[in-house]
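Visitor: sequence first, then the predicted structure, then my questions.
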Amino acid sequence: MNDLMSAGLHRLWKDRLVSKLHPFPGMKHLDVAGGTGDVAFRILEDINSTRHRALQDATEDYLHEETQIYICDINPNMLNVGKKRAIERGFGDNKALRWVEGDAEALKFEDNSMDGYTIAFGIRNVTHIEKALAEAHRVLRRGGRFLCLELSHVDTPIFKELYDYYSFSLIPAMGELVAGDRESYQYLVESIRRFPAQEKFASMIADTGFQKVEYENLVGGVVAIHSGLKL
Ligand SMILES: C[S@@+](CC[C@H](N)C(=O)[O-])C[C@H]1O[C@@H](n2cnc3c(N)ncnc32)[C@H](O)[C@@H]1O
């Protein structure tokens, strides 16, 4: 359904999220609501890319610490989907990937323990967004980056009308046809409209204590990537 609804674009949006993270070997990263593994696999692939390998080869003992990418999700079934996909992608025995059942609002990680935090298409689903943001801030180290990819708000008049028609008429119908579940997709479009618009969400992130808060709209605001630094 993600591929169908976004015409495959969600893959490019996740690539963009990871490029903004600037992953590095030895990093300790937390991907929340990450059950599918989609974001974590991209981070691992980036770290394993030739760009980093050349660096590692050039510097003996470059890796003092091993890379740790935690995938945290409240739903164990989603984690199982992710683990299965990890095997399919050849990451089955990869020690960097660590699967953890947990709630974005009450993370089981120590204060100041993570270099990076990502959440993709997840924060809209948490009950108390402020609590999830506070937890992100708590677990990040100083200098750690917070990145959030989420369906957002379109402002351009004609595009907005088209997007509203697509969201409210076509998406629930596609959900019914393809997934046999109209209600969940009706909920999806309604939850997007309820989620704070870009500026408001940016101010919530700043109110949590993050610095250098900014956002990038993709496809006219259909999705936005918000970022902040813990300084
Ligand atoms: C739309 S999926 C996104 C999965 C993945 N990040 C991606 O982009 O493919 C939303 C995920 O959020 C998880 N989720 C919902 N509420 C959560 C919470 N409070 N804490 C952690 N995960 C949560 C769900 O279980 C689900 O796996």
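Guide: Looks like it came in fine. Numbers count the residues shown, from 1 in each chain.
Visitor: measure how buried residue 3 is and give me the count.
Guide: 10 (other C-beta atoms under 10 Å). Yep, even glycine has a C-beta here, placed from its N, CA and C like the rest.
Visitor: any idea how far it is from residue 24?
Guide: Applying C-beta to C-beta, to the nearest Å, the value for residue 3 to residue 24 is 30 Å.
Visitor: in the chain, which strand has the most residues?
Guide: The longest strand of the chain (DSSP state E) is strand 140-151.
Visitor: pull the CA atoms of it into CSV?
Guide: Below are the C-alpha coordinates for strand 140-151, written out as CSV (Å, rounded to 0.1, in the frame of the first residue of the first chain):
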residue,chain,number,x,y,z
LEU,A,140,20.2,11.8,22.3
ARG,A,141,23.7,12.9,23.2
ARG,A,142,24.8,16.5,22.9
GLY,A,143,25.3,17.0,19.2
GLY,A,144,22.8,14.2,18.4
ARG,A,145,20.4,14.8,15.5
PHE,A,146,16.6,14.3,15.6
LEU,A,147,14.9,13.6,12.3
CYS,A,148,11.2,13.1,11.6
LEU,A,149,9.6,12.1,8.3
GLU,A,150,5.9,12.5,8.3
LEU,A,151,2.9,13.1,6.1
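Visitor: can you find the helix or strand in the protein with the smallest mean pLDDT?
Guide: helix 50-58 (a mean of 64; mean pLDDT, DSSP states H and E).
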